[in-house]
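**Student:** A structural model of the following input is requested.
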Amino acid sequence: MQEKKITVGVLGTGLAGQIHTRALQQIPGVRVKGASASSMQSASLFQSQFNLEVAYANWEQLLADDEITVVHNCLPNTLHLPVSKAAIECGKHVLSDKPLGISSQETQILLDMVCASNAIDGLSMNYRGLPMIQKAKTLIDGGALGDLLYVRGRYLQSYNLAPLKQAWKSDGSMIGSSYVTADLGYHWLDLLLYLTGEEVAQLQASFASLGHCPPNVENFSTVSLQTQTGATVQAMFSKISAGYQNGLMIEMAGSKGLLRWDQTKQEELVYQSAQGDIHTYLRGVGDNEAPDVQALPPQHHGGWVDGFVNVFDKYYAAVREGKPGKGYPTFADGHRINQIVDAMIESAKSHKNIVLG
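**Tutor:** Residues are numbered from 1 along each chain as shown. Next comes the predicted model:
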């Protein structure tokens, strides 16, 4: 007997909703029934584009559909708390786009709700799903770095060098209290915590609003962190860096070696040992790839959407089991990142070092 498909609804038809839907339609056993938008016209266009069964004029209509068991919250940042909260109250499982909320106070509410319910929660930190990130995690867990000494990196884009386009990300009231840090920084901080297993002890941050920046938020930030084990972390996040469309890089150095991954060469991972040996791991060559995260055969190049597919696949395995699983980001992960973002906001405003509890 064929296993019943999991019925999913997508909240939001912007870029995040489009990417989530493309990824979901590649996962066996998952049926995307429909999506909601801010108008029936937008929802109907999305329905036609992705060959969905239903168009919902608003998120309330989608949540009222009892056939839908999982929702993907791809709405603007300020709607993540109220809509995810409503979905959990309706008995749905929820996978949220990032950020989980616009503050750690909001994310704590959602975390408490899922802990008190049967909802299986997930977060779309797609970079975790890329094969070379999984390879880096395997190497680090196996002791390749030794004791962590420092981490440096950046996530740079150039969107705010041009006049703002008409979209919710141009509206400060829909973004929340942080722009680039809660967007690009959110991804980078997730990789920092996930790959190293470290916790942040204290930090100092600086924010700037430059170029064509949405009102009341930052589009450039730097942060200096110290982990609980004493490692030093330096990172920069920017929407005003000419020549960078999606420049994510993370370098982690320890007593035994150094690992470097650059998103522009996402199928490569460079390892340098303390003895000076340099090895470049390539996706699909030998045993260089974690075998359980391949959305494509190793002889074919992967893409950005594959990270979503691999993360979502692990999440839906947990939904099928009916209990939280492993291998995918959760609301707890998002809450930790929101706590760091909140501390960065506080530090940038006060020009002081902030100690995290």
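**Student:** residue contacts, residue 55?
**Tutor:** Applying CB atoms under 8 Å, 6 or more residues apart in numbering, we find residue 55 in contact with 34-35, 37, 40, 43-44, 46-47. Using the backbone N, CA and C atoms, a C-beta is placed for each residue, glycine as well.
**Student:** ditto for residue 234
**Tutor:** Residues in contact with residue 234 (CB under 8 Å, 6+ apart) are 150-153, 222-225.
**Student:** after the host helix or strand of it, which helix or strand is next? Please name it.
**Tutor:** Per DSSP states H and E: residue 234 is located in strand 232-238. Counting by DSSP H and E, the next helix or strand C-terminal to strand 232-238 is strand 247-254.
**Student:** got the CA coordinates for that following strand in PDB?
**Tutor:** Once non-C-alpha atoms are left out, strand 247-254 reads as follows in PDB (Å, rounded to 0.1, in the frame of the first residue of the first chain):
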ATOM      1  CA  GLY A 247      29.400  36.200  -0.700                       C
ATOM      2  CA  LEU A 248      29.200  33.900   2.200                       C
ATOM      3  CA  MET A 249      32.500  32.600   3.700                       C
ATOM      4  CA  ILE A 250      33.500  31.000   7.000                       C
ATOM      5  CA  GLU A 251      37.000  30.000   8.100                       C
ATOM      6  CA  MET A 252      37.500  28.100  11.300                       C
ATOM      7  CA  ALA A 253      41.000  27.600  12.800                       C
ATOM      8  CA  GLY A 254      42.100  25.300  15.600                       C
END
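**Student:** in its sheet, what does the next helix or strand along the chain from it sit against?
**Tutor:** Note on strand 247-254: by DSSP H and E, the next helix or strand toward the C-terminus is strand 257-262. Strand partners for strand 257-262, identified by DSSP bridges, are recorded as strand 247-254 (antiparallel), strand 268-273 (antiparallel).
**Student:** what's the most buried one of those strands?
**Tutor:** strand 247-254 (a mean of 21; mean count of other CB atoms under 10 Å).
**Student:** what's residue 44 sitting at in phi/psi?
**Tutor:** Here the main-chain torsion angles of residue 44 (degrees, to the nearest 10) amount to phi -70, psi -40.
**Student:** now do the strand holding residue 234 against strand 247-254, angle only.
**Tutor:** 180 degrees (axes from the mean of the first three to the mean of the last three CA atoms, to 10 degrees).
**Student:** please state the offset of strand 232-238 from the chain centre?
**Tutor:** 17 Å (CA atoms, centre = their mean, to the nearest Å).
**Student:** out of the contacts of residue 234, who's nearest residue 130?
**Tutor:** Distance to residue 130, by CB to CB, is smallest for residue 153 among the contacts of residue 234, at 15.2 Å.
**Student:** before we move on, the earlier item: could you turn the buried ones of the contacts of residue 55 into a ChimeraX selection?
**Tutor:** Buried members of the contacts of residue 55, defined by 16 or more other CB atoms under 10 Å, are picked up in ChimeraX with:
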select :34,35,37,43,44,46,47
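**Student:** about what we covered before: closest one to residue 235 among the strands paired with strand 257-262?
**Tutor:** Closest to residue 235 of the strands paired with strand 257-262 is strand 247-254 (CB to CB; 8.5 Å).
**Student:** list of residues touching the closest one?
**Tutor:** Contacts of strand 247-254 with the rest of the structure, by CB under 8 Å, 6+ apart, involve 127, 136, 140, 144-157, 184, 187-188, 191-192, 195-196, 241, 258-264.
**Student:** how many residues are close by the closest residue to residue 64 other than its chain neighbours?
**Tutor:** Nearest residue to residue 64, sequence neighbours excluded (CB to CB, 6 or more residues apart in numbering): residue 90, at 7.7 Å. Neighbour count for residue 90, taken as other CB atoms under 10 Å: 17.
**Student:** my guess is residue 90 contacts residue 63, does it?
**Tutor:** Yes. Residue 90 is within contact range of residue 63, at 4.9 Å (criterion: CB atoms under 8 Å).
**Student:** may I have the strands that pair with the strand holding residue 234, each with its orientation?
**Tutor:** Next to strand 232-238 in the sheet, as set by DSSP bridges, lie strand 148-156 (parallel), strand 220-227 (antiparallel).
**Student:** output the ones you listed as a markdown table; include the columns mean pLDDT and distance to residue 100.
**Tutor:** As requested, the strands paired with strand 232-238 are exported to a markdown table (pLDDT from 0 to 100; distance: least, CB to CB, whole Å):
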| stretch | mean pLDDT | distance to residue 100 |
| --- | --- | --- |
| strand 148-156 | 99 | 18 |
| strand 220-227 | 98 | 19 |
